[in-house]
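Chemist: what's the 3D shape of this:
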Amino acid sequence: MGREQWKKIWVGSAGNMVEWFDWFVYASFAVYFADAFFPKGNDTANLMNTMGIFAVGFFMRPVGGWLLGRIGDRKGRKAALTLTVTLMSASAVLIAIAPTYAVAGYGGVAVLLLARMLQGLSVGGEYAASATYLTEASAEGQRGFASSFQYVSMTAGQLVGLGLQIVLQRTLSEEALHSWAWRVPFIVGALGAGIVFYLRRNMLETEVYAHDEGAQADPERGTIKALLAHKREAFLVIALTMGGTVAYYTYTTYLTKYLSQSAGMAKPTASLVSFCALFLFMCLQPFAGKLSDRIGRRPLLITFAVGSTFLTVPIMMLLRHAGSFWPALGLSLLALVVVTGYTSINACVKAELFPTGIRALGVALPYAIANALFGGTAEYVALWFKNGGIEAGYYWYVAGCAAVSLIVYITMRETRTIDLHRVGTEAPADAARTPGRQPVAD
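Modeler: Residues are numbered from 1 along each chain as shown. The predicted structure is shown next:
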């Protein structure tokens, strides 16, 4: 991989890291600011209200996927990526200055809701623009490796957020964290987004997009009409995302709260478990991506789905009774090793399904819909089961989502050797055939 390609991956990844830092710290610091925006009362109910607003951000992601996916296909990947980080910076500032319930009543909730809507718009486009950019910027035969840096950067953002949380937990009192210190990560996120905005203004467009210049005048480029010519591919993106996104959010954003509230672990210890597990998880991504370049995408996806279907329930039950750092870390890492089969390659798999003229929108909108339905609601569903006294029901929910995706992985075609230089927006000639019956020559 040449120096120029590494530069593209670095710039795309740096922005992705800041985007997901801002997205993640809302969930990880929710235990501290949940009571700030609602009347004092049931802690679990207040956390559910706060995570309900978190879920609203996911329901804005399809809108962001459509808007920014369209911009990415019509104006370029660079334009979409620059806009996403601008929206994320604005949302971080709003959360940092949002007034509490004691100051403005439910006015603070309104500010929080607006900020989450902006975050949803931003991340709805960021995922697809980043996935498309990293996949297109890679050398031939290295798409799995290059695109794996999307989850490297996403996880790095979470690690920075968790690291900041651990530092604040160990240097400030519980009272200070609940009172004002929860605003610190959002200020940090806004500053980081400003730096990335500068980097992205000077980033290079991908050669795949630049070589498609002759088709850029197509009026249907980046439109819903063009996407409808790829209905099967769009359905595949939704279906293959379903199990992966639920499992991912369960073992990342929800894990710390699960360990502290359900397993009875101290918050600092729970945060440290998540930090260590996520660091090792991040390091695994390039290796798994590289493996997919050799053996294909489907073997890794199938391994993930089988593992999540049959191991989720025992892992979650054992985590509930882990009791201390090392058992909790071992179980968390086992779960994340299984999830790596999805996270390391899902970006390139989705990008490989579409031609250049509809690639950003084709990845963005179906993926955002799947995340709104399954990823964004994961924590709320988990807390709903917990509040209803049947927390174990959530474990079976995660396993069931993985089982559905397993069926899709088994029947879908291999995408490793598909040519990314397919120009325009036209559907392939065999698009009407069942995806599982579309072989790709090695």
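Chemist: Would you mind measuring the gap between the ends of stretch 260-273?
Modeler: 11 Å (C-alpha to C-alpha, to the nearest Å).
Chemist: Could you list the buried residues of it?
Modeler: S260, Q261, S262, A263, M265, K267, T269, A270, S271, L272, V273 (16 or more other C-beta atoms under 10 Å). (C-beta placed from N, C-alpha, C; glycine too.)
Chemist: nearest to I71, of the residues you listed?
Modeler: When the buried residues of stretch 260-273 are ranked by distance to I71 (C-beta to C-beta), S271 comes first, at 36.7 Å.
Chemist: what pLDDT does that closest one get?
Modeler: pLDDT recorded at S271 is 85.
Chemist: you'd agree it is up against Q165?
Modeler: Yes. Counting by C-beta atoms under 8 Å, Q165 is a contact partner of S271 at 5.4 Å.
Chemist: which residues are common contacts for those two?
Modeler: Shared contacts of S271 and Q165 (C-beta atoms under 8 Å, 6 or more residues apart in numbering): S28.
Chemist: can I assume L318 is in contact with A328?
Modeler: No. Counting by C-beta under 8 Å, L318 stays clear of A328, with 9.2 Å between them.
Chemist: In terms of neighbours, single out the busier of those two.
Modeler: A328 (27 against 15; other C-beta atoms under 10 Å).
Chemist: Could you report the neighbour count for I358?
Modeler: 31.
Chemist: Now do the helices in the stretch 51-200 of the chain.
Modeler: 61-74, 77-97, 101-104, 107-136, 143-147, 149-171, 174-179, 184-201 (DSSP state H, counting those that start in this stretch).
Chemist: Show me the one of those that comes nearest G2.
Modeler: Using C-beta to C-beta, the helices of the stretch 51-200 of the chain put helix 143-147 closest to G2, at 11.5 Å.
Chemist: quick check: mean pLDDT across that closest one?
Modeler: Here the average pLDDT along helix 143-147 is 93.
Chemist: who are the neighbours of that helix, in terms of helices and strands?
Modeler: helix 107-136, helix 267-295, helix 346-352 (3 or more C-beta pairs under 8 Å, 6 or more residues apart in numbering; DSSP states H and E).
Chemist: okay, the ones you listed, which one's buried deepest?
Modeler: Highest mean neighbour count among these (mean count of other C-beta atoms under 10 Å): helix 346-352, with a mean of 28.
Chemist: got the angle for the helix or strand just after it vs helix 77-97?
Modeler: Going down the chain from helix 346-352, the next helix or strand is helix 359-370, by DSSP states H and E. On the basis of axes from the mean of the first three to the mean of the last three C-alpha atoms, to 10 degrees, helix 359-370 is oriented at 40 degrees to helix 77-97.
Chemist: and helix 359-370, what's its mean pLDDT?
Modeler: The model assigns helix 359-370 a mean pLDDT of 93.
Chemist: Would you mark the buried spots in the lowest-mean-pLDDT helix or strand in the chain?
Modeler: Least confident helix or strand, the chain: helix 43-59 with a mean of 73, by mean pLDDT, DSSP states H and E. Across helix 43-59, burial judged by 16+ other C-beta under 10 Å covers 46-51, 53-59.
Chemist: go on, stretch 186-202?
Modeler: By 16+ other C-beta under 10 Å, the buried positions in stretch 186-202 come out as F186, V188, G189, A190, G192, A193, V196, F197, L199, R200.
Chemist: Stretch 382-398 now?
Modeler: A382, L383, W384, F385, K386, E391, Y394, Y395, Y397, V398.
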